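Visitor: One predicted model, sequence on top.
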Protein chains: 2
Amino acid sequence: MAKVDLARRAEIGREKREKTRALILDAGTMLMAERPREAVTIDAVVEAAGVAKGTFYYHFQSIDELAAAVGEKLGESFDAVLGDARRALEDPLKRLSFAFTKFLEKAISDANWARLVVQSSQSRGEYARGVRTNLKADIAQAIVQERVSIRDAELAVDIVMGIWLQVTRGILDRGTRPEVTQQTVESVLRALGASRSDQENAWKKWS
Amino acid sequence: MAKVDLARRAEIGREKREKTRALILDAGTMLMAERPREAVTIDAVVEAAGVAKGTFYYHFQSIDELAAAVGEKLGESFDAVLGDARRALEDPLKRLSFAFTKFLEKAISDANWARLVVQSSQSRGEYARGVRTNLKADIAQAIVQERVSIRDAELAVDIVMGIWLQVTRGILDRGTRPEVTQQTVESVLRALGASRSDQENAWKKWS
DNA sequence: TGTCATATTGACTAAATAGTCGATTTGACC
DNA sequence: GGTCAAATCGACTATTTAGTCAATATGACA
């Protein structure tokens, strides 16, 4: 007859649930960093996570759902990497340079993150949407302000993202040197056709 | 007791062999254009090729061997796309612009080729080595000639390849417009830090 | 300590995939 | 038409993977 607090019960469950879910999510993140999601099996995930197969299905319906969760977490990491400094920058080219620099620095310091970024870039949309959207907004603004000579925002986004992804791959494959980040950003600004002064300014302290 | 010409027999076999091998190779090429090789199964290949499974193993030891053959064929297609015009160009920046233009045009006219290029770019080395090697040679020469401001050839290669691959993806995902090719090449030259006159010259007729 | 909603387990079936191999077909040549 | 080496076939076994579910464990709380 005990009066059981069902709401409390559910909450307890949710906490325990979150721990295991995080275990699976971490394992999935690791595996999806090192191979395409199509090659990530549920068996591999549960073994890496150290849980039973049934537990996987208790938390996720499929590998696709896990992949979506991994993608969402990656998306959040982008915001985390940028902090709130990004929003404070009014200049679109400074915002772009700032984000680009932060992403490269993150890739240098966290190879697994870099690997996940590169792998995720293959699969349609998903995670990249957020990055792409922000990037496009910055570039569109720069175009309106006539700060860049390139006219096609969509093309400009591809160019910037292409450089980002491939340089990230290069860092993974061949390591890096201290100047690479700055040189890459300079190259991005040149690619967009930024003015010489913008090329120098954008790199200067984001403050 | 007929005197059978064994050498002739073998030759006949080789011809028949080549036909079936090509069938399998084409099927593999198609499948590897639309998904990562890790997701291409032997069953899928033999079904697409219309041959029995045993026949696959008669021609290839594994999917990896098939993938290598596909990669080799792709590598040859690069040479074919360029023709021998490339060798005739002495100017490294013109060579680069020429090849870049041809590759983009090919991607526009042959979506399957573009898909295969993009998919192949994920897997380590293999096909890309040839492209990368040529590209690096051109860029190194341009650096020596002080035609570009960028100093790090390896970084420059990543930048050019990144733009190439991502713009190719863009063409696949969002189609293209006539000016995209030219604008992209201009952007690549700017990214490398080519002089204004080189930016204009390199685009002009390759003759 | 017993209760019970929640979470976890792992054995199980079904399906997909890899790889093998003896039987059969093919086709140029005699 | 018969021969035979090469090529092809497809049924077969073994292994991997997906997905299910009844049984069990967990742990806060009465």
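Guide: Great, that's in hand. Residues are numbered from 1 along each chain as shown, chains lettered A, B, ... in the order given.

Visitor: how far does stretch A:194-204 sit from the chain's center?
Guide: 26 Å (CA atoms, centre = their mean, to the nearest Å).

Visitor: So is it next to chain B?
Guide: No - contact of stretch A:194-204 with chain B (CB under 8 Å from any CB of the partner chain) is absent, the minimum separation being 9.2 Å. Where you see a C-beta, it was placed from the backbone N, CA and C, and this is true even at glycine.

Visitor: buried stuff in that stretch?
Guide: A:194, A:198, A:199, A:202, A:203 (16 or more other CB atoms under 10 Å in any protein chain shown).

Visitor: Please give the element, helix or strand, for the last one.
Guide: For residue A:203, there is no helix or strand it lies in under DSSP states H and E.

Visitor: which residues touch it?
Guide: A:97, A:182, A:185, A:186, A:189 (CB atoms under 8 Å, 6 or more residues apart in numbering or on different chains).

Visitor: Now do the phi/psi pair for it.
Guide: Here is the backbone geometry of residue A:203 (degrees, to the nearest 10): phi -80, psi -30.

Visitor: In the contacts of residue A:203, which residue is surrounded by the most others?
Guide: Within the contacts of residue A:203, residue A:189 tops the neighbour count with 28 neighbours, counted by other CB atoms under 10 Å in any protein chain shown.

Visitor: now that residue: how far from DNA strand D?
Guide: 44 Å (CB to the nearest atom of the strand, to the nearest Å).

Visitor: separation between that residue and residue A:147?
Guide: 10 Å (CB to CB, to the nearest Å).

Visitor: Overlap of the contact sets of those two?
Guide: Common neighbours of residue A:189 and residue A:147 (CB under 8 Å, 6+ apart) are A:93, A:198.

Visitor: buried ones in stretch A:136-143?
Guide: For stretch A:136-143, using 16+ other CB under 10 Å, the buried residues are A:136, A:138, A:139, A:141, A:142, A:143.

Visitor: Let me have the residues you listed in a markdown table, extended by pLDDT and distance to residue B:111.
Guide: Output for those, formatted as a markdown table (pLDDT from 0 to 100; distance: CB to CB, whole Å):
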| residue | pLDDT | distance to residue B:111 |
| --- | --- | --- |
| A:136 | 97 | 24 |
| A:138 | 97 | 30 |
| A:139 | 98 | 26 |
| A:141 | 97 | 32 |
| A:142 | 97 | 31 |
| A:143 | 98 | 28 |
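
Visitor: Could you tell me which of those residues belong to helices?
Guide: Mapping the buried residues of stretch A:136-143 onto helices (DSSP state H) picks out A:136, A:138, A:139, A:141, A:142, A:143.

Visitor: Identify, from the residues you listed, the entry nearest to residue B:50.
Guide: residue A:136 (44.4 Å; CB to CB).

Visitor: if I read this right, the closest one contacts residue A:154, doesn't it?
Guide: Yes - assessed by CB atoms under 8 Å, residue A:136 is found in contact with residue A:154 at 7.4 Å.

Visitor: Specify which member of the buried residues of stretch A:136-143 is nearest to DNA strand C.
Guide: residue A:136 (36.7 Å; CB to the nearest atom of the strand).

Visitor: Now the closest one: closest residue in space that isn't a chain neighbour?
Guide: Residue nearest to residue A:136 in three dimensions, not counting chain neighbours: residue A:157, with 5.0 Å by CB to CB, 6 or more residues apart in numbering or on different chains.
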